[in-house]
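>>> sequence-free structure coming up:
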């Protein structure tokens, strides 16, 4: 699914994600590990964790209870906390929001199945003139070490700016991918996957080439804006003379704990955005989202346990959308705006919820389909696209208001799949042929990136490609 509506194929947060404010599986809210634990900074380095002292897991249930997530100062005033720290006393614990930690090392890279974060940055780089495989390997080694340190709540290894000095890890993730052009630049054309072939053109495309594609791609997400910016700035500085920024985009989502109970996020059209994302608990989840380690799929060995990310900047034509009546908006999507429930499905409308199965054949008293034939939710369903599925993980964006008073806003669409031809391309072609939502959106930039599997301890991301 390739556009920003409520979709029957996706949700911005995986369905098995924890409640808002609760760290994801594979994360930690216990605070500071022992000094001997993996990820301890080298001697002389500044550790944000040491600066904060003990980080407690306070407020873990606040998202579900409807309360506001607490701050690191707890009930103490900031002056009390400062004097306590200065005198060697115990610093107030981090809230659950700041203490959440995602592991850098693992089977898959972070930022794919990680619950959606409140802040995000997408940035693409091109290798500098004269830079090749050797320089790319050194760059990925630097970037991987930086990601490991920052995700653990530590300072950068060199010239840390101190922007995130007072914060915990805040569920920071940094994810790396390779674009089609990377392989020719590094002499690795024989290792370029067929799945990385350029995406076809679509009728809704009005793409800006300067903001599309790139040799390298980095996705950054965190639940704190300063933590996310700090990671972006550090990654940019780490690039040094090896690579230059091609394009960069900023996004956001609702903050964990902002709603009275955990719920699917809304997009800038006001719609609940995503209901039927593939679920990690489903037996075919890995098959749909990740490249198998066996090599049976024909993918190169270095892509084992990796995935393919399609990235699209989708402008929402909000002035046009907001002129529609509520009923018209719901017919475009095929779901109620209030709660995301399908316009058909339950025996009684009052008993229908977001997760109620949509009845595509149900009609009203006049014989008209309750879910219109061109409704976005109908067209994008996996069972209407040969089972095609992808894991959506987008961010909203707002880049100001133009001279005509029109907001430059919409969705930074990111979706993950084992095969983009069977996933994104299949669904987008179907949407291209008659999706009611198409007249209210515009695809303005695009990229496809091969995202290798996670790095084992002692490795850097992409090592099996660059040193294989």
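Noted; the coordinates are in hand. Given the structure is predicted, the values throughout are model-derived calculations rather than measurements.

>>> lowest confidence element among the helices and strands of the chain?
Within the chain, no helix or strand scores below helix 62-65, which has a mean of 33 by mean pLDDT, DSSP states H and E.

>>> How are the strands of the stretch 351-468 of the chain distributed by residue range?
Assigned by DSSP state E, counting those that start in this stretch, the strands in the stretch 351-468 of the chain fall at 391-392, 395-401, 407-417, 441-451.

>>> so which of those comes closest to residue 243?
The closest of those to residue 243 is strand 441-451. By C-beta to C-beta, the value is 14.4 Å. All C-beta atoms are positioned from the backbone trio N, CA, C, and that covers glycine.

>>> what mean pLDDT does that closest one have?
The pLDDT scores in strand 441-451 average 98.

>>> Check which helices and strands it sits against.
Counting by 3 or more C-beta pairs under 8 Å, 6 or more residues apart in numbering; DSSP states H and E, the packing neighbours recorded for strand 441-451 are strand 173-178, strand 307-316.

>>> winner for burial among the ones you listed?
Mean neighbour count (mean count of other C-beta atoms under 10 Å) peaks for strand 173-178 among the helices and strands packed on strand 441-451, with a mean of 27.

>>> Would you mark the buried spots in the helix or strand following that strand?
Of the helices and strands lying after strand 173-178 in sequence (DSSP states H and E), the nearest is helix 180-185. Judged by neighbour count (16 or more other C-beta atoms under 10 Å), helix 180-185 contains these buried residues: 180, 181, 182, 183, 185.

>>> Please convert those residues to TSV, extending it with pLDDT and distance to residue 392.
Formatted as TSV, those follow (pLDDT from 0 to 100; distance: C-beta to C-beta, whole Å):
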residue	pLDDT	distance to residue 392
180	98	22
181	98	25
182	98	24
183	98	27
185	97	30
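
>>> which one among those gets closest to residue 267?
residue 180 (28.9 Å).

>>> coming back round to it: quick check: which of the helices and strands packed on strand 441-451 is nearest to residue 198?
That would be strand 307-316 among the helices and strands packed on strand 441-451, by C-beta to C-beta, at 11.6 Å.

>>> ok, the most centrally placed residue in the chain - contacts?
Taking C-alpha atoms, centre = their mean, the centroid of the chain lies closest to residue 393, which sits 4.2 Å from it. Neighbour list for residue 393: 12, 111, 112, 116, 414, 415, 416 [criterion: C-beta atoms under 8 Å, 6 or more residues apart in numbering].

>>> from these, which is closest to residue 337?
residue 12 (16.4 Å).

>>> Just list what the longest helix along the chain packs against, helices and strands only.
Secondary structure assigned by DSSP state H gives helix 133-151 as the longest helix of the chain. Contacting helix 133-151 under the criterion 3+ C-beta pairs under 8 Å, 6+ apart are the following elements: strand 173-178, strand 216-222, helix 225-239, helix 463-466.

>>> Give me the distance between the first one and the centre of its chain.
Taking C-alpha atoms, centre = their mean, to the nearest Å, one finds the center of strand 173-178 at 11 Å from the center of the full chain.

>>> what mean pLDDT does that strand have?
98.

>>> Strand 307-316 and that strand, what's the angle between them?
Strand 173-178 and strand 307-316 are oriented at 100 degrees to each other (axes from the mean of the first three to the mean of the last three C-alpha atoms, to 10 degrees).

>>> what packs against strand 173-178?
Secondary elements touching strand 173-178 (3+ C-beta pairs under 8 Å, 6+ apart): helix 133-151, strand 216-222, strand 441-451.

>>> Would you mind telling me which of these is nearest residue 209?
Proximity to residue 209, assessed across the helices and strands packed on strand 173-178 by C-beta to C-beta, is greatest for strand 441-451 (8.5 Å).

>>> got the angle between the closest one and strand 307-316?
Interaxial angle of strand 441-451 relative to strand 307-316 (the same axes, to 10 degrees): 160 degrees.

>>> all numbers from here: first residue = 413
That works, and once the first residue is 413, the last one we named lands at strand 853-863.

>>> residue ranges for the helices of the stretch 663-812 of the chain, please.
Secondary structure of the stretch 663-812 of the chain (DSSP state H, counting those that start in this stretch): helices located at 697-701, 730-733, 738-745, 788-791.

>>> Other residues contacting the longest one?
Helix 738-745 is contacted by residues 417-418, 681-683, 733, 736, 748-749, 755, 784, 787-789, 848-849, 852 when judged by C-beta under 8 Å, 6+ apart.
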